[in-house]
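Enquirer: With the sequence up front, the predicted model follows.
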Amino acid sequence: MRHQKKKITLDRSSAARYALLRNLAESLVLYEKIKTTKAKAKATRSLVERLITTAKQNSLAARRKLGAALYTKNTVRKLMEVLGPRYAERRGGYTRSTMIKRRVGDGAEEVVIELV
């Protein structure tokens, strides 16, 4: 039984789950809006919120921390130069999830997650 187990596993091994979340976070940062399932959006939201909060520090240590968490330098550059200053005055809540429909094949709830 999974009593008091709060980690979102997405039915994947830890390496596959981490790679999936990194890819979703990169796509959300680069395109500022992506369509995915509700479970994946909820898992991605916490990662993206932490990344934007780190980018607001605007230091070399923050840039290196973002570089370790993401795949490409373009994403780190956009976080540090565009999104960090954009949300400098905001204390959190950088993302919004909006349900659009249920997927026909398996009935999964699809949402659009976007930066506010």
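Expert: Everything's here; your move. Numbering: from 1, shown residues only.
Enquirer: Provide the secondary structure category for residue 97.
Expert: Three-state assignment for residue 97 (DSSP: H, G, I helix; E, B strand; the rest coil): strand.
Enquirer: For it, list the residues it contacts.
Expert: Each residue near residue 97 by C-beta atoms under 8 Å, 6 or more residues apart in numbering is listed here: 38, 41, 42, 45, 111, 112, 113. Glycine gets a C-beta too; all of them are placed from N, C-alpha and C.
Enquirer: and if you look at residue 95?
Expert: Counted by C-beta under 8 Å, 6+ apart, residue 95 has contacts 28, 45, 48, 49, 113, 114, 115, 116.
Enquirer: Distance check, it against residue 19.
Expert: Distance from residue 95 to residue 19, counting by C-beta to C-beta, to the nearest Å: 20 Å.
Enquirer: swap in residue 102?
Expert: To residue 19, residue 102 is 26 Å away according to C-beta to C-beta.
Enquirer: Then residue 49?
Expert: Distance from residue 49 to residue 19, by C-beta to C-beta: 19 Å.
Enquirer: do the same with residue 72
Expert: Using C-beta to C-beta, we find residue 72 at a distance of 14 Å from residue 19.
Enquirer: what's the answer for residue 71, then?
Expert: Remark: distance between residue 71 and residue 19 (C-beta to C-beta) = 9 Å.
Enquirer: So which residues make contact with stretch 64-78?
Expert: Residues from elsewhere that reach stretch 64-78, judged by C-beta under 8 Å, 6+ apart: 22-23, 25-26, 29-30, 47, 51, 54-55, 63, 79-80.
Enquirer: So which of those are in helices?
Expert: When DSSP state H is applied, those are split such that 22, 23, 25, 26, 29, 30, 47, 51, 54, 55, 63 fall in helices.
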